[in-house]
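> no letters, just coordinates:
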Ligand code: SAH
């Protein structure tokens with residue numbers, strides 16, 4: 001699906017440079033992911049006054065003290081999910097909706113949970129305007145997952161967790177993959193966990209810094 005009309009997009013060459021110098025050059029090789037990052041207009045997911053910086057090599061602030069992740073981290077987490085076209089995905093922390101757009105372009109359907117109503121509404125409006133029709137927006141505590149719609153092929157947490165909650169692992173389908181920043185309040189490890197029968201196989205994708213997920217299986221504030 002390519003719901004965007006990128007003709008006359010003044011950000012096109014910045015986006016091209018972002019993909020070649022920040023994403024491909026650091027080892028991200030999935031052709032579908034590279035293609036999607038090439039067309040999704042990241043500048044529409046950041047506050048207006050920061051649009052010029054939307055394709056820079058770092059995270060940017062959003063409303064309410066939240067952040068849109070660095071493009072490379074978005075790519076690294078997404079590639080680790082090994083998304084297939086008919087996958088059902090759970091995203092915890094909608095934020096700007098940029099990561100949501102990438103997931104929805106690569107998978108069959110996305111359930112995205114956000115704790116802050118105002119952020120969820122802005123993201124929903126934006127993603128609808130871009131033509132996405134396979135995203136379900138939920139407001140609530142995503143650290144509990146979304147058991148009603150489980151199991152998921154993939155779960156991604158875009159804020160940090162003190163540990164990998166059993167509740168989330170239990171909502172993964174057989175061979176399902178969960179990617180989440182896990183560790184301390186300011187520094188975490190990006191973990192990729194795959195459920196194989198009753199076993200969970202974990203991989204460490206490296207150090208990272210995410211805003212906290214506030215909730216029952218997350219941080220208290
Ligand atoms: N993927 C987002 C990053 C958002 S930052 C993007 O690309 O913009 C993490 C988000 O998680 C914030 O919007 C924050 O409000 C939200 N959040 C924090 N605790 C949460 C919880 N328990 N459930 C759902 N969302 C939560």
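Yep, that arrived. Everything numeric here is computed off the predicted structure, so don't read it as measured data.
> please make it C-alpha for all contacts and neighbour counts, starting now.
Noted.
> if we look at stretch 93-105, which residues are touching it?
1-2, 33, 36-37, 40, 42, 45-46, 62, 66-68, 74, 78, 89, 91, 110, 112-115, 119-120, 122-124, 126-127, 132, 134-135, 142, 157-159, 213 (CA atoms under 8 Å, 6 or more residues apart in numbering).
> please apply the same query to stretch 192-204.
Residues contacting stretch 192-204 (CA under 8 Å, 6+ apart): 80, 169, 172-180, 189-191, 205.
> the protein: helices as residue ranges?
Assigned by DSSP state H, the helices in the chain fall at 12-18, 31-39, 71-80, 98-106, 117-129, 166-169.
> so for residue 55, which of these sits nearest?
With CA to CA as the measure, helix 12-18 is the member of the helices of the chain nearest residue 55 (6.0 Å).
> and the protein, which residues reach the ligand?
Within the chain, the positions adjacent to the ligand are 66-69, 92-99, 113-116, 140-143, 158-159, 211, 213-215 by CA under 6 Å from any ligand atom.
> just the buried ones from the residues you listed?
Buried members of the residues of the chain next to the ligand, scored by 16 or more other CA atoms under 10 Å, are 66-69, 92-99, 113-115, 140-143, 158-159, 211, 213-215.
> centroid residue for this protein?
residue 99 (3.7 Å; CA atoms, centre = their mean).
> need the pLDDT of that residue.
Reported pLDDT at residue 99 in the predicted model: 98.
> gap between it and residue 184?
23 Å (CA to CA, to the nearest Å).
> again with residue 208
If you go by CA to CA, the gap between residue 208 and residue 184 works out to 10 Å.
> quick one: buried residues of the longest strand along the chain?
Longest strand in the chain, counting residues (DSSP state E): strand 172-183. Across strand 172-183, burial judged by 16+ other CA under 10 Å covers 172, 173, 175, 176, 177, 178, 179, 180, 181, 182, 183.
> coming back round to it: need the winner for burial among the helices of the chain.
helix 98-106 (a mean of 23; mean count of other CA atoms under 10 Å).
> could you tell me the angle between that one and helix 117-129?
40 degrees (axes from the mean of the first three to the mean of the last three CA atoms, to 10 degrees).
> follow-up on the earlier one: give me the contact list for the longest strand of the chain.
77, 80-81, 150-164, 169, 188-197, 208-210.
> go again using 6 Å as the cut-off
81, 151-157, 160-163, 188-196 (CA atoms under 6 Å, 6 or more residues apart in numbering).
> what's the offset of that strand from the middle of its chain?
Distance of strand 172-183 from its chain centroid, counting by CA atoms, centre = their mean, to the nearest Å, is 13 Å.
> fine by me, thanks again.
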